[in-house]
Each structure stands twice: as C-alpha cells, then as structure tokens.
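Asker: Using only what follows, build the 3D model:
(one chain, ligands or ions: 1)
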Amino acid sequence: MKRHVAGKVSWVGKVDWELRKFHGSEYSTHRGSSYNSYLVEEGKTVLIDTVWQPFAKEYVDNLEAELGLGKIDCIVQNHAETDHSGALPELLRRRPDLPVYCTANGVKSLKGLWHGDWDFRVVKTGDSLDIGNGKKLVFVEAPMLHWPDSMFSYLTGDAVLFSNDAFGQHYASEALFNDLVDQDELWAECVKYYANILTPFSALVSRKIDELLGMKLPVEIIATSHGIVWRKDPLQIVRKYAAWAKDYQEDRITVLYDSMWEGTRKLAEAIAQGVAEASPSTAIVALNTAKTDKNDVITEVFRSKAILVGSPTINKGILASVAGILEVVEGLRFKGKKAASFGCSGWSGEAPKKIAEALGKSGFEIAAESLACPWEPDEAFLDRAREYGRAFAAKLR
Ligand code: FEO
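Answerer: The predicted model follows:
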C-alpha cells in the first residue's frame, strides 16, 4: 500500500511481521522487519529499491494496481542484496525496458544474483539524475554499508536521504515514522542492528558520516530500507552512528558462559556478584550462551566495556555455544574492550586458556589471569570467584 512520506515521495515497500530470522538464520528478528521501497513521482517517476523475493509478485502487483507499471521511468537500486533487489526479476520481466541505476559493484552483484541482462546505468559519487520539476537525485557511494555495492541517493528540494541499510533496523511497524513508534523498542533494534551488522565497518561508518556532514546537505528525512523512516530529528540516528562507530562502550560488564553440570554457571554467578559488590554502578549481565539468542549476546558485548567468558572443558576444548560466540566476536572486530576467562573442568582443563587465546586474537585486552576450577566449585572456591569478580571490576574503574 502506498504511504505518503514527503513531497512527492511515497513508501511502497513490504512490512514483514512474520520474519523471525534474517540472513538465513544468522540474525534474529524478534519484532519482524520491513523491506522499504520508495516511489518519487516528479517529472520522472523513479522507483528506489524493491523488496525481498518472496514478496515480489505481491509488490509488483501492488505497483501495477496503485500506479501502473507503465508510469515508472527508471529504478534506482541502492544496494543489490536480495532483500532489496528480490523483486527486480519480476518487475523487469514485466517492464524489461526500465533502466537500473546502481554502482559498478551493483552491476556485478545484480548480475551475479539474478543473471539478468538489464539496462544498467552505472553511477558514482557526485553523479546525479535530473528527475524534473527542478529536482535531482544525487548519488553517494557507501561501500560496505552494507556491501561493496551500497550507495545512498539524496533527493534535492525535499532533502530526503535514501540510505538503504545504513540507519535502519529490523522492526515491523505500520506507523512508518520514528516519532510514532515505541522509542525503547526502536532504539533496542537500532543498537542490535549496528552491533551485529555494522561493527566491523565502523571506520568506514565514521568516514562516511564525516563525508556526508561535510557536504552540508540539508536532511529533512532519512528513508532507510529497513524499519521506520526518520522524520523527527533525522540526524539523531547519524549522531548515534558516529558514537557507536568510535569503539563504543558503556559502564557495563557481560559474563558469558555455558555449563554442563552447573559448576561453570555457579562461577559465572559468583563472578557477577563480585563485580556488583565492587562496582555497584556498573551494569552486570550474565548470559548462558546456549540459552540466549546469539544476536542479543552480541548486542550486550557491543555495549560492554569488558566481558568474562566461561566454559567447562570438553574434549580438551570449549563448549560449542561458547565457541560459536567467540567465532562471531572475532569476525566483528570489537575494539577497546577488556576480557578474562574462566571455567570448571574434570580431567584436563584447557577451556579457559583457549578462550583467553581466542579473545586476545579477537582484539580484546586480557585484563586478568583465567580462573580455572578443578571439578565442582565448593563454597571456598565460590568466594574466590567473587573476589575474582571484585578484582576484575576494580581494574576497570
Ligand atoms: Fe538489507 Fe544488506 O541488505
């Protein structure tokens, strides 16, 4: 359904209330998502991005019913990933003459994904498309936000920045605008999205924000490709990104663990108690990685100044749920955070050392020797774990 955004800009995307996993099963979407597509009806009628493939027919049928496919003059594809280009094959099957504006990497990606021999028009930063009525779409390449092909499009006059993945969030809402939704939910989804998707590209995020602000373009609206449209103080999300991109951390410590026979869980809880005793103002969260959503775990790591990671030893190694999180953490390349490791063991006891090695390799500063407990912790060892937590918190003050 067509929804008015500003001037002659409308939203024509798809709200996906049912979505619970995105990127295959890599990203949990507790609150669904949306694939935002926009129509700019000036002298030329321009379609900006499309929707995910399962909704392609519904989307193109809606465009036919509400506008008439014959009215569309061209498509701007800001980013080739399937969730935004999924309706291109259906649309271009019905309108094969439509030019598709995208970056050079966009052509490569779209050809690789859809194998279509379409009328591509390659654009780069500073290029613009005259769309009549004195207005232009100005293109700004934004590589790695979120793929090498990504770009922003800026509509002059109405000052709308079509930012695609950047500044988005996986959040289904019929309200459309940022000022009409629950702010706690909105920001929880924004930080989760940044933590899990954009963390490794933080240096590029910082540079792109500086470049955008340096262009001194007025921005009335930021129209992203997922979630709500930023119309009330749209630059608030840009300011947040600027902060998140600079080795973000809060006064927060997260304890991550998995446990076989409860020993490592007891250590985790005792360490958390010690942290709380030594530093009552520090937020402390203990999460069992086998029982907590992986992306929620990563969001906690992103917000924390330090993490303590524990696992019992199994087959001379680390339990799978902890090892999986360590693999994700390595790829996200967090900076400026401290860490330590712990765990119980029966016959050998390699896990804490292996965890510390993995965290060190991932860029964490190891702030304390591992706490390794042979067999089940008794009260005396739990006191030691509390003291370990107190000492760890004290080191971070
Ligand atoms: Fe929403 Fe990178 O796709």
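Asker: what's the neighbour count on Lys136?
Answerer: For Lys136, the number of neighbouring residues by other Cβ atoms under 10 Å comes to 17. All C-beta spots, glycine's among them, are computed from the backbone N, C-alpha and C.
Asker: helix, strand or coil for it?
Answerer: In terms of secondary structure, Lys136 is strand; the call rests on DSSP: H, G, I helix; E, B strand; the rest coil.
Asker: For the remainder of this discussion, apply numbering that starts at 37.
Answerer: With the count now opening at 37, the last piece we talked about shows up as Lys172.
Asker: Relative to Phe203, how far out is it?
Answerer: 22 Å (Cβ to Cβ, to the nearest Å).
Asker: Which of the residues in the longest helix along the chain are classified as buried?
Answerer: If you go by DSSP state H, the chain has its longest helix at helix 415-432. Neighbour counts over helix 415-432 (16 or more other Cβ atoms under 10 Å) mark 417-418, 420-426, 428-429 as buried.
Asker: do stretch 283-295 as well
Answerer: 284-285, 288-295.
Asker: give me the element the residue in the stretch 137-286 of the chain positioned nearest to the ligand is part of.
Answerer: Per Cβ to the nearest ligand atom, His182 is where the stretch 137-286 of the chain lies closest to the ligand, at 3.9 Å. Secondary structure assigned from DSSP states H and E places His182 in neither a helix nor a strand.
Asker: okay but Ile307 is in contact with Tyr424, surely?
Answerer: Yes: counting by Cβ atoms under 8 Å, Ile307 sits close enough to Tyr424 to count as a contact (5.8 Å).
Asker: ok so, going back, give me the contact list for the longest helix of the chain.
Answerer: Outside helix 415-432, the residues that touch it by Cβ atoms under 8 Å, 6 or more residues apart in numbering are 289, 302-303, 306-315, 318, 341-342, 344, 374, 376, 378, 403-404, 407, 409, 413.
Asker: ok, back up a step: near the ligand too, which of the buried residues of helix 415-432?
Answerer: Filtering the buried residues of helix 415-432 for proximity to the ligand (criterion: Cβ under 6 Å from any ligand atom) leaves nothing.
Asker: nearest to Leu323, of these?
Answerer: Using Cβ to Cβ, Gly425 comes nearest to Leu323 of the buried residues of helix 415-432, at 15.3 Å.
Asker: The closest one and the ligand: what is the separation?
Answerer: The spacing between Gly425 and the ligand, counted by Cβ to the nearest ligand atom, to the nearest Å, is 39 Å.
Asker: doesn't Ala306 fall inside a helix?
Answerer: Yes: checked against three-state DSSP, Ala306 lies within a helix.
Asker: what's the domain layout of the protein?
Answerer: With automatic domain parsing as the criterion, the domains of the chain are listed as 39-280, 289-428.
Asker: possible to save these as JSON lines with mean pLDDT?
Answerer: Below are the domains of the chain laid out as JSON lines (pLDDT from 0 to 100):
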{"stretch": "domain 39-280", "mean pLDDT": "97"}
{"stretch": "domain 289-428", "mean pLDDT": "97"}
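Asker: Send me the longest helix of the chain as PDB with only the CA atoms.
Answerer: Taking C-alpha atoms only, helix 415-432 is exported to PDB below (Å, rounded to 0.1, in the frame of the first residue of the first chain):
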ATOM      1  CA  GLU A 415      32.000 -22.500  48.900                       C
ATOM      2  CA  ALA A 416      35.700 -21.600  49.300                       C
ATOM      3  CA  PHE A 417      36.100 -21.600  45.500                       C
ATOM      4  CA  LEU A 418      32.900 -19.500  45.000                       C
ATOM      5  CA  ASP A 419      34.400 -17.000  47.500                       C
ATOM      6  CA  ARG A 420      37.500 -17.000  45.300                       C
ATOM      7  CA  ALA A 421      35.300 -16.400  42.200                       C
ATOM      8  CA  ARG A 422      33.600 -13.400  44.000                       C
ATOM      9  CA  GLU A 423      36.900 -12.000  44.800                       C
ATOM     10  CA  TYR A 424      38.000 -12.500  41.200                       C
ATOM     11  CA  GLY A 425      34.900 -10.500  40.100                       C
ATOM     12  CA  ARG A 426      35.700  -7.700  42.600                       C
ATOM     13  CA  ALA A 427      39.300  -7.500  41.500                       C
ATOM     14  CA  PHE A 428      38.300  -7.500  37.800                       C
ATOM     15  CA  ALA A 429      35.800  -4.700  38.300                       C
ATOM     16  CA  ALA A 430      38.400  -2.700  40.300                       C
ATOM     17  CA  LYS A 431      40.900  -3.000  37.500                       C
ATOM     18  CA  LEU A 432      38.400  -1.400  35.100                       C
END
